[in-house]
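**Q** The following block contains a protein sequence and its predicted model.
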Amino acid sequence: MTDSPMLVVVNDEEQFSVWWSDREPPAGWRPTGFAGTRQECLDHIETVWTDMRPLSVRDLGR
Amino acid sequence: MRAPLSPGQERLWLLQKLSPHDASYTMYLVHRLRGPLDPDALDWAFADLAARHEGLRTRFEEEDGVPWAVAEPAGAPGSLPPVERIQADDEEHARRLVAERVNAPFDLAEGVPLRVALIAIGPLDHVLCVTMHHIIGDGWSLGILLDDLAEYYTARLHGRAPNLAPLPVQPSDYARWQRRRAERAVPYWQERLADPPPPDLPCGIGSESPGGAGDDDRVAYQFVRAGRKVADELDRLAREHRTTLFTVLMTAYQVLLHRHTGHTDVLVGTAVAGRDRVELESMIGYLSQTVVLRGDLDGDPSFVELLGRIRQEALTAMSRPSVPFERIGHPVEALMPTMFILHTQAGGPTRPFGDLSVGAFPHGYRQVKLGLYVEAWLEDGELAMSFGHDGSSGSPHEAEAVRRLADRFVLLLESVAAESRRRISELRVWTADDEADMRSMAGDGAGTLGPAVPEMIAETVRRTPAAVAVACGETEVTYAELDRRAARLAAVLRERGVRPGDVVGVCLPRSVEAITALLAVWRAGAAYLPFEPDEPEERLAFALADAGATRVITNRALPAGFTAVDPLDDEDGAASGEPGQTRPGDVAYVIFTSGSTGRPKGVAVEHRAIAARIRWMREEYGLAPGDRVVQFASLSFDTHLEEVFPALAAGATLVLLPGGAATLPDLLAAPGGERVTVLDLPTAYWHHLVEEIDQIAWPPALRLVVIGGEQASGGAVARWRGRFGDGVRLMNTYGPTEAAVIATAADLGATPYGRPPIGRPIGATTVHLLDAAGAPVPKGAIGELVIGGAGVARGYLRRPALTAAAFVPDPLGPPGSRRYRTGDRARWNQGGALEFLGRIDGQLKVRGFRIEPGEVEARLLDHPGVGQAFVTVHAEELVAYVTGTATGEELAAHLARTLPRHLVPTAWVVLDSLPLTSRGKVDRTALPAPVRASSAGHVPPDSDAELLVAEIWAELLGVASIGVNDDFFTLGGHSLLATRIAARLRRATGVEVPVRTIFERRTVAELAVALEDLLVAELEDISEEEAERLLSSAGG
């Protein structure tokens, strides 16, 4: 699993995770366009996921 | 003539000596002979047979522990196997007679291990039953025996000379030759089988002691068949890849094991005939070799690619003589947990047997040599298979589980036949029944909507304002008062600038103020971040900064940059603040857990998650007004939520332990203790209480004990049931902080077996066990436990990559939902409950505390006097192995500055270097156990009280010699042991010794004085000599 190519995916709450590039992401998740090894994907997420609050909570200013 | 044994014979001789009642090495030949049978000719034929084959007249002698094979000369008295003649009442009787014989062990000291019985069913209908110990003959030998017997019988019948070529080699020649060959093969096997993987088998087989001798009821066989088309296709696949059907089946069997255990390093034994030289072909003897094939299934290869690897392994391994497992340095269970054998020999004789027709007869053999023993053979073009299992899963459902396993193997073979180019993770192996099970076991993640926890508590305040919410020592606080105090403190927090969405630290001793503080933070719309009252300053500052918290409700001084809020602060007009509505998506609390890279990580849990949990607990634990729930857990661990909030939401009374958790036995023994109804305890602590079950003042009102945090012991559960029957409910719970306290629960009730399970998913929760490819696995297979549903945390504060790696898309949940990968290994048992099987990574649990050894090692490596560091657990203690110049004392002080107490090792071993395995990992088996020495100035105990204390310490601390000035904690004592020491002293003297005394009087001398004082106080009426006498009789 560690070696297979992965995608960075994001849900409607703008929470990030990784998914196998050869599998359709589950409903409610979409690829961000970044692909690589699992570690590359996680490193990418470390830089882009700057506000970790779910979107619905962010809107309330919390 | 006396000869040494072959290595294989030596091993069997030893095994039989170790288990004299074990019949699993009894070989049998059972055939139905129809037609006119000449008994004299048969007797003569057996005599001829024994004359020809040395093995059939060989007995075994022991001299100074060394076995020798002694062959009687041909024709000598005692060299002829007596043929036992029995008249059976009917066929059924004959079956029983046969089964008795094939399941009987041999005593190798008692002459030639060969027995022959001729059972008559009718005048023209007999059953021949030959049994022998494996040490004189293998499966191949049985075919020779039948052939040669048929020839001798026919020759005697017709008065002609037998047509058999003389034997060039006898077993004694072979044994000498094989001993030399095997010796040369030892280095190969030692290297090939170094560092064996954990011997996991499907369905938990091998985890308990096997059925063994005299317990044949637990041994069973499951038979399945793959059809002719599949068999033909597998045979074709073998030829296409220039190998044999055996190799194809062995490859498939390794895939079956891999899909059940997740291991990519797989060991399977098999048997080879060992007759690769023409002169060995017609000999009766034990020549077959048990060979272990080590499959490398790494990298998810296609089946045909793996077939190539196994083919190579088989060619290399099977050409070498095997050597006794004892020579390889690992127990047989580790090297060969299971076997797979393809039988290719024909069933009947290849020569005429006089005028008799030779047919099959049921043998009724019920012995299994290993946990799981699979045999296959071709029958009418179909592939027949038998899965023999020995009951060693400890489960009453083992037969059902192995039956399912055998079905899966057939499905896998069909899949291989149809799509051999697929990756092994993609081959079909789970049946339709498995798929249905997985769906029904996973649980329902849909959360019922309901109020948040603060609203639940507000409802209690409205309903029962005068009821006691919290009891702490003599103090009792009603719900109305608790609410008033929380409102006031919340107003203070707002006043100090706390806003909804903020995180507020809480660092207070066990007190009403601490409980008030938690409620106040919520009332202010913020999340609380709890600490130990004595949290190291550096860690406190790190966690606060990491969580973005600047305010802490505490009485202690804080590092610069943080503001302390006094828990009793009461600003004018502050009480006016009304609680705002709690939003389900807001963070309720943050708990820091050990981080493997050296940095602790803050888990943020939202109100909706904890609300779902508290609702379930209140319901499932049946909490109601009148319940008294002890608050045992430290606030810095999330277990406290399971105690505090279900109780407050139900209108029950929360009973605090101001003297610390370890004083629980004191609380139970004190007035009021008898009214406690619910206890929630770390499993490790509960184990210790159960050890001293008769010394604990268990409250008569006790109705529920919830345990969790570690694997519960079956013995402790049995002991508990023995004491309480069904009178006190015992619930085992499991869950990580990342899934809001608990995720599964099991009632450890009436008839537990084997490993107590962690149960099923609780409400609003799903659990799936996933293999390495992320696919769910069914009953009997091991996978990573993954939790979905309402309890999934928001993530790790300011750790995007860690969060994204652990909180992953949940394809089985609502759109966009996430599930948490625990890193725990588990298995669904046949009853549909989860069994916890430890960690995938190196995370430890010590006395219920979750510890990443990497975090402790990282801090140790910070110290200039440390070269290498390895941290592990030994006998409930955190042990550090270090190299370098620093002493354990220095390092403990170094760690205590940055780590909470439970992360600081209590045993230290300084080594020149860390022992490594051949694969470069720390060799745990080579690490010395920590040795604890009593202090330098050793003064032996003298008074009776000192002798008694020292004796109890020595036993519970495992230290040989204890001096009066030795300190309980320096010797490795901890709160769990303190409980047991108090209990032992009580048992010995009849005097109630508070646990607190063990902490306060830390040396033998001090504790002995305290004990004498207690005894004197207790026995004020009687004389001092009398007291002395009591003490001395207890000490002796």
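**A** Received it, and whenever you're ready, just let me know what you need.
**Q** residues contacting residue 32?
**A** Assuming you mean chain A. Counting by Cβ atoms under 8 Å, 6 or more residues apart in numbering or on different chains, A:T32 makes contact with A:7-10, A:16, A:48. For glycine as for every other residue, the C-beta is placed from the backbone atoms N, C-alpha and C.
**Q** Wait, chain B was what I had in mind.
**A** B:125-128, B:358-361.
**Q** For chain A, state which of those is nearest.
**A** Closest approach to chain A among the contacts of B:R32 (Cβ to the nearest Cβ): B:A360, at 49.0 Å.
**Q** wouldn't that closest one be in contact with B:H31 here?
**A** Yes. Applying Cβ atoms under 8 Å as the test, B:A360 and B:H31 come out as touching, 7.1 Å apart.
**Q** From the contacts of B:R32, which land in helices?
**A** Assignment to helices by DSSP state H places none of the contacts of B:R32 there.
**Q** Apart from its chain neighbours, what residue comes closest to B:G813?
**A** B:G788 (4.9 Å; Cβ to Cβ, 6 or more residues apart in numbering or on different chains).
**Q** can you pull up the bridge partners for the one you found?
**A** Beta-bridge partners for B:G788, by DSSP bridges, are B:T766.
**Q** Report how many residues lie close to it.
**A** Using other Cβ atoms under 10 Å in any protein chain shown, B:G788 has 27 other residues around it.
**Q** Check B:A982 too.
**A** 27.
**Q** and the nearest residue to B:L164 once chain neighbours are set aside, what element?
**A** Spatial nearest neighbour of B:L164, excluding adjacent residues (Cβ to Cβ, 6+ apart): B:E151 at 5.9 Å. Counting by DSSP states H and E, the element that carries B:E151 is helix B:139-158.
**Q** Buried residues in that helix, which are they?
**A** Buried residues in helix B:139-158, defined by neighbour count with 16 or more other Cβ atoms under 10 Å in any protein chain shown: B:140-157.
**Q** Adding neighbour count, write the contacts of A:T32 out as CSV.
**A** Listed next are those as CSV, based on neighbours: other Cβ atoms under 10 Å in any protein chain shown:
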residue, neighbour count
A:L7, 21
A:V8, 22
A:V9, 24
A:V10, 22
A:F16, 25
A:V48, 12
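**Q** for the closest residue to chain A within the stretch 551-700 of chain B, helix, strand, or coil?
**A** Closest approach between the stretch 551-700 of chain B and chain A, counting by Cβ to the nearest Cβ: B:G585, at 4.5 Å. Assigned by DSSP: H, G, I helix; E, B strand; the rest coil, the conformation of B:G585 is coil.
**Q** With B:L837 instead?
**A** Per three-state DSSP, B:L837 ends up strand.
**Q** Pull up the gap between it and chain A, please.
**A** Separation of B:L837 from chain A (Cβ to the nearest Cβ, to the nearest Å) stands at 19 Å.
**Q** go on, B:E382?
**A** Taking Cβ to the nearest Cβ, one finds B:E382 at 37 Å from chain A.
**Q** what's near enough to touch that residue?
**A** So B:E382 contacts B:225-228, B:231 (Cβ under 8 Å, 6+ apart).
**Q** Please work out how many residues are found near the closest residue to B:G854 other than its chain neighbours.
**A** Using Cβ to Cβ, 6+ apart and skipping residues adjacent in sequence, the residue nearest B:G854 is B:S596, 4.0 Å away. Per other Cβ under 10 Å, the neighbour tally for B:S596 reads 18.
**Q** For chain A, which segments count as helices?
**A** Per DSSP H, chain A carries helices over the ranges A:38-48, A:55-58.
**Q** Helix or strand with the lowest mean pLDDT in chain A?
**A** helix A:55-58 (a mean of 89; mean pLDDT, DSSP states H and E).
**Q** isn't B:I782 right up against B:L837?
**A** Yes. Under the criterion of Cβ under 8 Å, B:I782 makes contact with B:L837 at 6.1 Å.
**Q** Now the common contact residues for the two.
**A** Going by Cβ under 8 Å, 6+ apart, residues that sit against B:I782 and also against B:L837 are B:825-827.
**Q** what lines up beside the helix or strand harbouring B:A69 in the sheet?
**A** B:A69 belongs to strand B:66-71 when assigned by DSSP H and E. Here strand B:66-71 has these sheet partners by DSSP bridges: strand B:2-3 (antiparallel), strand B:58-63 (antiparallel).
**Q** quick one: contacts for B:A226?
**A** B:A226 makes contact with B:234, B:382-383, B:385, B:410, B:413-414, according to Cβ under 8 Å, 6+ apart.
**Q** try it again with 7 Å
**A** Counting by Cβ atoms under 7 Å, 6 or more residues apart in numbering or on different chains, B:A226 touches B:382-383, B:410, B:413-414.
**Q** what residue ranges in the chain score low on pLDDT?
**A** Answering for chain A, as no chain was given. Filtered on pLDDT under 70, chain A yields the residue ranges A:1-3, A:59-62.
**Q** actually it's chain B I care about, not the one you picked
**A** B:209-217, B:345-348, B:571-579, B:750-754, B:918-919, B:933-937, B:1021-1027, B:1030, B:1033-1036.
**Q** Residue numbers of it in contact with chain A?
**A** For chain B, the residues in contact with chain A (Cβ under 7 Å from any Cβ of the partner chain) are B:500-501, B:583, B:585-586, B:772-774, B:795, B:800-801, B:803-805, B:807-811, B:815-818.
**Q** mind redoing it with 8 Å?
**A** B:299, B:500-501, B:583, B:585-586, B:772-774, B:794-795, B:797-798, B:800-801, B:803-805, B:807-811, B:814-818 (Cβ under 8 Å from any Cβ of the partner chain).
**Q** List only buried entries from those.
**A** B:500-501, B:583, B:585-586, B:772, B:774, B:794-795, B:797-798, B:800-801, B:803-805, B:807-811, B:816-818.
**Q** Counting only strands, which of those residues make the cut?
**A** Counting by DSSP state E, those place B:795, B:807-809, B:818 in strands.
**Q** now, which of these sits nearest B:K921?
**A** Nearest to B:K921 among those: B:V808, at 27.7 Å, using Cβ to Cβ.
**Q** got the phi/psi numbers for the closest residue to B:F223 other than its chain neighbours?
**A** Leaving out its chain neighbours, the residue that sits closest to B:F223 by Cβ to Cβ, 6+ apart is B:S386, at 5.4 Å. As for B:S386, its main-chain torsions (degrees, to the nearest 10) stand at phi -120, psi 130.
**Q** ok, now which ones touch B:S386?
**A** By Cβ under 8 Å, 6+ apart, the contact set of B:S386 is B:221-223, B:374-376.
**Q** try it again with 10 Å
**A** Neighbour list for B:S386: B:221-224, B:341, B:343, B:373-377, B:406 [criterion: Cβ atoms under 10 Å, 6 or more residues apart in numbering or on different chains].
**Q** again, but for B:V1004
**A** So B:V1004 contacts B:934, B:939-941, B:945-950, B:952-953, B:962-968, B:971 (Cβ under 10 Å, 6+ apart).
**Q** got a list of what the residue in chain A positioned nearest to chain B touches?
**A** Nearest residue of chain A to chain B: A:G28, at 2.8 Å (Cβ to the nearest Cβ). Neighbouring residues of A:G28 by Cβ under 10 Å, 6+ apart: A:9-13, B:809-811, B:813-818.
**Q** Next up, phi/psi of B:T925, please.
**A** phi -70, psi -20.
**Q** That one and B:A334 touch, don't they?
**A** No. Judged on Cβ atoms under 10 Å, B:T925 makes no contact with B:A334 at a distance of 11.2 Å.
**Q** Neighbour count: these two, which is higher?
**A** B:A334 (17 against 6).
**Q** How is the residue nearest to that one when sequence neighbours are not counted assigned, secondary-structure-wise?
**A** Spatial nearest neighbour of B:A334, excluding adjacent residues (Cβ to Cβ, 6+ apart): B:P196 at 4.7 Å. The local conformation at B:P196, judged by three-state DSSP, is coil.
**Q** so how far is B:D265 from B:P196?
**A** According to Cβ to Cβ, to the nearest Å, B:P196 stands 8 Å off from B:D265.
**Q** Repeat that for B:P509.
**A** 50 Å.
**Q** Next, name the residue at the spatial heart of chain A.
**A** A:F16 (2.8 Å; Cα atoms, centre = their mean).
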